[in-house]
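Asks: following is a predicted model, sequence given first.
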Amino acid sequence: MKQAFNDVNMIDLLKGVLSAVQDGIFIVKPTDNGEFLVTDVNRSMTKFLGRDMSGMLVSDALEERSARWFKKQFLHVIRTSNDVMLRTDAGVMGNAGQFIQVKLMPIINDDKVQLIVGTVHVMTDTNRLKDNARKHRDRYATALEYAPYGVCFVTEEGAPTMVNRALSRWLNQPMNSLMRSKVSDFVHPDEREVFNQALKQVFKTGRVYRGMDIRLMNDQADDIWTSLNISRMQDAMGGSDSVILQFVDITRRKENEERLSRLARRDHLTGLSNRMVFEEELDMALKNAKRYKRSGAILYIDLDDFKQINDLFGHNVGDAVLKEVSRTLGVQTRETDVIARLGGDEFAVILQEVSEDVAREKVRAVREAINAACISHEGKQIAIRGSVGLQTFDGAEDLNRQTLLDAADRQMYRVKHAAKADLPVNL
């Protein structure tokens with residue numbers, strides 16, 4: 001036999017159960033004049049509110065705005081006879097700064113809602129975690145947005161889903177324009193295939209690429225050297241993966257490396273190749289001569305009485321002489337030939353793919369051009385003189401670099417001594 005819910009024993013039993021529950025629980029009873037009377041609250045509810053509302057009308061227990069909100073929810077429960085689940089700021093119960101979940105359940109007897117039981121679950125910890133997560137997310141997004149390096153999230157097709165300010169500034173493109181493009185469109189053609197393959201591997205295998213040297217191009221076709229990191233990111237909401245691209249501008253570093261490389265391979269005074277480069281090029285010329293039966297020659301040039309110029313006029317004038325000789329050699333040779341300053345006042349030239357007759361003619365032209373050169377100093381013309389030695393090679397002979405240089409050097413000294421003795425110069 002069912003017991004009525006207003007039975008004294010059942011009410012006492014219900015109160016005992018409610019007092020042990022950690023969530024706040026209250027019971028309201030509709031009155032004939034449209035009000036709602038709070039018949040009971042448990043200890044948790046009293047602690048949450050900081051006061052006991054038992055025996056009070058909702059209109060008296062809560063401030064006007066909150067009372068209207070609750071009465072509206074109570075009327076909905078009475079009208080539908082259904083449970084209602086609500087989440088709201090706890091300010092509606094006079095306890096601002098917290099987040100609560102309210103559930104209203106009708107107690108029905110004789111097809112009529114006799115009582116409404118409300119539970120209040122404080123969501124403070126959950127809300128704080130959500131708020132912290134939001135703050136972390138906002139800080140992370142802000143950090144990426146204003147980072148000094150370029151950041152871009154892309155889909156598997158290479159379409160950007162997010163581009164930060166730095167990348168937009170480097171490429172000189174508005175963000176909305178970049179979002180309608182593919183990242184590979186801004187990668188230098190020489191690195192585009194490597195970039196596309198790397199992106200494909202990251203999506204396919206999850207591989208991470210770090211420190212790839214990739215050039216980007218802005219709308220003015222300027223190269224921007226970057227060090228690129230590529231890694232895949234799992235969508236926390238279970239959606240499709242995306243890939244994050246991080247570009248660090250290394251243009252200045254590349255320029256410094258190129259400058260140091262030039263310094264390491266160039267004579268600092270004349271800008272010609274140095275001895276190291278000359279020896280590398282000569283080794284390659286000898287290999288090609290042997291493999292493809294190609295002929296060639298080297299000229300070995302030494303200036304005459306150069307020490308006297310330094311002693312009489314100073315090293316600045318001596319440097320000017322060396323620069324004039326390097327200029328003269330550049331005029332007398334082809335772009336395919338290699339000109340080098342070996343040190344001091346010694347120069348050498350590799351003549352690529354020339355016959356012996358052509359090489360001998362070139363020696364005469366070089367010697368005459370050097371001996372015709374001069375520089376001005378304090379109103380005086382300082383003549384330049386030089387001796388040129390020749391050694392040919394054709395691949396049939398078993399010559400190495402040092403043997404070839406020694407032979408050309410000896411030939412140069414024979415020419416020098418013959419000129420001093422006013423003897424005919426025989427090449």
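Replies: It's in. Residues are numbered from 1 along each chain as shown.
Asks: switch to C-alpha atoms for all contacts and neighbour counts from now on
Replies: Will do.
Asks: what about the spatially most central residue of the chain, which SS state?
Replies: Among the residues of the chain, the one closest to the centroid is F247, at 1.0 Å (C-alpha atoms, centre = their mean). Under DSSP: H, G, I helix; E, B strand; the rest coil, F247 falls in the strand class.
Asks: right, and the helix or strand after the host helix or strand of L178?
Replies: L178 is part of helix 175-179, with elements assigned from DSSP states H and E. Sequence-wise, the next helix or strand downstream of helix 175-179 (DSSP H and E) is helix 189-205.
Asks: which elements pack onto the helix holding L178?
Replies: strand 160-163, helix 165-171 (3 or more C-alpha pairs under 8 Å, 6 or more residues apart in numbering; DSSP states H and E).
Asks: for the first one, give me every contacting residue.
Replies: For strand 160-163, contacts defined as C-alpha atoms under 8 Å, 6 or more residues apart in numbering pick out 145, 150-155, 175, 178-183.
Asks: what about that strand, distance to the chain center?
Replies: Between the centre of strand 160-163 and the centre of its chain there are 14 Å (C-alpha atoms, centre = their mean, to the nearest Å).
Asks: that strand pairs with which strands?
Replies: Here strand 160-163 is paired, per DSSP bridges, with strand 150-154 (antiparallel).
Asks: pull the residues that contact the strand it pairs with.
Replies: Identification of contacts with strand 150-154 by C-alpha under 8 Å, 6+ apart yields 144, 160-168, 183, 242-248.
Asks: can you rerun that using 6 Å?
Replies: 160-164, 166-167, 242-247 (C-alpha atoms under 6 Å, 6 or more residues apart in numbering).
Asks: which of these are buried?
Replies: Among the contacts of strand 150-154, those classed as buried by neighbour count (16 or more other C-alpha atoms under 10 Å) are 160, 162-164, 166-167, 242-247.
Asks: Serialize the contacts of strand 150-154 to CSV and add fields for pLDDT and distance to G296.
Replies: Converted to CSV, these look like this (pLDDT from 0 to 100; distance: C-alpha to C-alpha, whole Å):
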residue, pLDDT, distance to G296
P160, 91, 55
T161, 89, 59
M162, 88, 59
V163, 89, 56
N164, 90, 57
A166, 89, 53
L167, 90, 51
S242, 81, 58
V243, 91, 55
I244, 91, 54
L245, 93, 51
Q246, 92, 50
F247, 93, 47
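Asks: now for those residues: which two are most distant?
Replies: For the contacts of strand 150-154, the maximum inter-member distance is 20.0 Å, found between A166 and S242 (C-alpha to C-alpha).
Asks: what sits up against stretch 282-297?
Replies: The contact list for stretch 282-297, computed with C-alpha under 6 Å, 6+ apart, reads 351-354, 391-395.
Asks: tell me the one of these nearest I370?
Replies: Nearest to I370, judged by C-alpha to C-alpha, of these is L351 at 17.4 Å.
Asks: so who does the closest one touch?
Replies: By C-alpha under 6 Å, 6+ apart, the residues touching L351 are 296-298, 337.
Asks: so of the residues you listed, which ones are in strands?
Replies: Applying DSSP state E to the contacts of L351, the entries found in strands are 296-298.
Asks: need the buried ones from the residues you listed selected in ChimeraX.
Replies: If you want just the buried ones from the ones in strands among the contacts of L351 in ChimeraX, going by 16+ other C-alpha under 10 Å, the selection is:
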select :296,297,298
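Asks: what's the end-to-end length of stretch 180-190?
Replies: Taking C-alpha to C-alpha, to the nearest Å as the measure, stretch 180-190 stretches 23 Å from start to finish.
Asks: buried stuff in it?
Replies: Using 16+ other C-alpha under 10 Å as the test for burial, stretch 180-190 gives 183-184, 186-188.
Asks: same check, this time on stretch 334-346
Replies: By neighbour count on 16+ other C-alpha under 10 Å, the buried set for stretch 334-346 is 338-342, 345-346.
Asks: from these, which single one is nearest D302?
Replies: The nearest member of the buried residues of stretch 334-346 to D302, counting by C-alpha to C-alpha, is E346 at 4.7 Å.
Asks: please name the residues that touch the closest one.
Replies: Applying C-alpha under 6 Å, 6+ apart to E346 gives the contacts 301-302.
Asks: what is it paired to in the beta sheet?
Replies: Assessed by DSSP bridges, E346 has beta-bridge partners D302, G343.
Asks: domains of this structure?
Replies: Per automatic domain parsing, the domain ranges recorded for the chain read 8-126, 146-254, 266-420.
Asks: nearest to R139, out of the ones you listed?
Replies: Shortest distance between R139 and the domains of the chain, using C-alpha to C-alpha, is found for domain 146-254: 10.6 Å.
Asks: do me a favour and get the end-to-end distance for the closest one?
Replies: End-to-end distance of domain 146-254: 24 Å, with C-alpha to C-alpha as the criterion.
Asks: any idea which of the buried residues of stretch 334-346 is closest to A365?
Replies: A365 lies nearest to I339 out of the buried residues of stretch 334-346, by C-alpha to C-alpha, at 15.2 Å.
Asks: give the rounded mean pLDDT of stretch 406-413.
Replies: Per-residue pLDDT values over stretch 406-413 give a mean of 92.
Asks: what comes up buried for it?
Replies: Result for stretch 406-413 [16+ other C-alpha under 10 Å]: buried residues 407-409, 411-413.
Asks: which pair of the residues you listed spans the longest distance?
Replies: Pairwise distances across the buried residues of stretch 406-413 peak at 10.1 Å for A407 and Y413 (criterion: C-alpha to C-alpha).
Asks: follow-up on the earlier one: in JSON lines, list the domains of the chain along with distance to R139.
Replies: JSON lines is the format used below for the domains of the chain (distance: least, C-alpha to C-alpha, whole Å):
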{"stretch": "domain 8-126", "distance to R139": "20"}
{"stretch": "domain 146-254", "distance to R139": "11"}
{"stretch": "domain 266-420", "distance to R139": "50"}
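Asks: lowest-confidence stretch among these?
Replies: Note on the domains of the chain: lowest mean pLDDT is at domain 8-126, with a mean of 82.
Asks: rebuild the helices and strands packed on helix 175-179 as CSV, extending it with distance to G386.
Replies: Formatted as CSV, these follow (distance: least, C-alpha to C-alpha, whole Å):
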stretch, distance to G386
strand 160-163, 63
helix 165-171, 53
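Asks: ranges for the helices of the stretch 201-350 of the chain?
Replies: Assigned by DSSP state H, counting those that start in this stretch, the helices in the stretch 201-350 of the chain fall at 251-265, 275-292, 306-313, 315-332.
Asks: looking at the ones you listed, which is closest to H417?
Replies: helix 306-313 (15.2 Å).
Asks: between the closest one and helix 315-332, how big is the angle?
Replies: Relative orientation of helix 306-313 and helix 315-332, computed by axes from the mean of the first three to the mean of the last three C-alpha atoms, to 10 degrees: 140 degrees.
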